[in-house]
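> the following comprises the amino acid sequence and a computationally predicted model.
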Amino acid sequence: MWQYFYAHVTYHGVRWFPQGNRWKMCMLLITFALLLPVPQLYVVTLERSSRVCVQPLLDMAIASIVLSFFTIAFSLLFCILIPVPRELKIGFHVFGVASLIVGLMQTAYTFEAKEDCSVSTPELYTLSLASSMFSVVSLVFLGLMFPFWVVNKVKRNLVMDPYSRTGVCYEPTKCCTCLWHI
């Protein structure tokens with residue numbers, strides 16, 4: 001889930017800056033995105049990570065690495081494409097559902113594997129624990145934002161209309177543009 005959240009933050013992080021000054025922010029966010037799979041790849045390539053663990057933490061780590069590469073691609077596309085095509089937005093939200101499923105599975109497997117895998121594969125367990133915590137934090141944030149997305153979709157521009165500078169949430173967010181859309 002954190003992979004979807006990172007790409008979402010990239011989308012909005014780039015758009016907070018004027019168009020002439022976005023290049024530096026794009027480079028910073030893409031650099032961070034390129035670094036996301038490095039610790040995951042390191043832990044997966046360790047010999048100890050292939051030891052027996054009751055829960056499929058290694059499989060979940062590999063799925064997380066694959067999603068991290070998708071995160072890099074979406075982050076790069078969100079930096080390059082202005083405006084973002086509708087098809088890409090739909091694909092991004094499908095990626096979000098896949099990321100949600102993997103994040104929930106990884107969280108469940110990690111908390112079931114505490115006694116067994118924390119001893120036999122400590123690095124893999126620590127990676128899974130960190131990824132699970134990031135997923136839960138991302139899920140909580142997106143869960144808090146979801147009602148705003150729904151209300152803004154049902155009642156167009158009720159929550160926030162940045163063009164006419166109106167809406168329930170305009171005043172609290174006038175320094176940070178709309179967080180609940182992409």
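In hand now; what should we look at?
> list the buried residues for the helix or strand bottoming out on mean pLDDT in the chain?
One helix or strand of the chain scores below all others by mean pLDDT, DSSP states H and E: helix 114-120, with a mean of 80. For helix 114-120, a neighbour-count test (16 or more other CB atoms under 10 Å) marks 117-118, 120 as buried. (Each C-beta comes from the backbone N, C-alpha and C, glycine too.)
> show me what it is in contact with.
If you take CB atoms under 8 Å, 6 or more residues apart in numbering as the criterion, helix 114-120 is touched by 51-55, 57, 124-125, 128.
> also stretch 127-140?
By CB under 8 Å, 6+ apart, stretch 127-140 touches 1-2, 4-5, 39-40, 43, 57, 60-61, 64, 100, 103-104, 106-107, 109-111, 113, 117.
> re the thing from before, tabulate the contacts of helix 114-120 in TSV, adding columns for secondary structure and distance to K89.
Shown next, in TSV, are these (DSSP: H, G, I helix; E, B strand; the rest coil; distance: CB to CB, whole Å):
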residue	secondary structure	distance to K89
R51	coil	41
V52	coil	42
C53	coil	37
V54	coil	39
Q55	coil	34
L57	helix	32
L124	helix	34
Y125	helix	36
S128	helix	30
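> export these to CSV and tack on neighbour count?
CSV is the format used below for the contacts of helix 114-120 (neighbours: other CB atoms under 10 Å):
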residue, neighbour count
R51, 14
V52, 8
C53, 21
V54, 12
Q55, 22
L57, 25
L124, 26
Y125, 22
S128, 27
